[in-house]
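> need a 3D model of the following:
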Amino acid sequence: MIQRQGDEVNRWDKPFQLGWGRFARVAIMFLLLAAGCIALDSGEDDIGAGTPMAISVVLMLAYQATGWRRMQRAHAVEPLSLSQLDRVMKVMIGPIIPAVIWVVVIIAPIPIYLIYFIINLR
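Numbers count the residues shown, from 1 in each chain. From the prediction side, this is the model:
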């Protein structure tokens, strides 16, 4: 648990604060980035590269929200801290096969769309 060195709490063993408010603060920054990507494309007739990038950001946030929930559940069983970084990463990523599929689904459309966009630039 928390180890004390004198009167100070060792920051490596301090349990994580995993409330949804903390997740929401970071998610809002990413959603603003996604909105900015779409706003940069708003003047064109067709969708530009920003729209698929924004969709990827939203999908990434959805995946991270599931990881955040897994971390909350693991933290309820045994508190997570920076001294257990390998455990934190395993919990956040989750099962490997679904994680790989999710990353491919998120990342693969971006280069495909960019190639299509570059080919059709005239």
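
> all the helices of the chain, in order from the start?
Ranges of helices within the chain are 20-40, 50-77, 85-93, 96-107, 109-119, based on DSSP state H.

> pLDDT value on residue 52, please?
With respect to pLDDT, residue 52 scores 74.

> what's the closest non-adjacent residue to it?
Of all residues beyond its chain neighbours, the one nearest residue 52 is residue 113 (4.6 Å), with distances taken as CB to CB, 6 or more residues apart in numbering. The way it works is simple: take the backbone N, C-alpha and C, and place the C-beta from them, glycine included.

> separation between the residue most central in space within the chain and residue 25?
The residue lying closest to the centre of the chain (CA atoms, centre = their mean) is residue 64, at 4.2 Å. Computed as CB to CB, to the nearest Å, the residue 64 to residue 25 distance reads 13 Å.

> number of residues surrounding residue 37?
Applying other CB atoms under 10 Å, we find 19 residues neighbouring residue 37.
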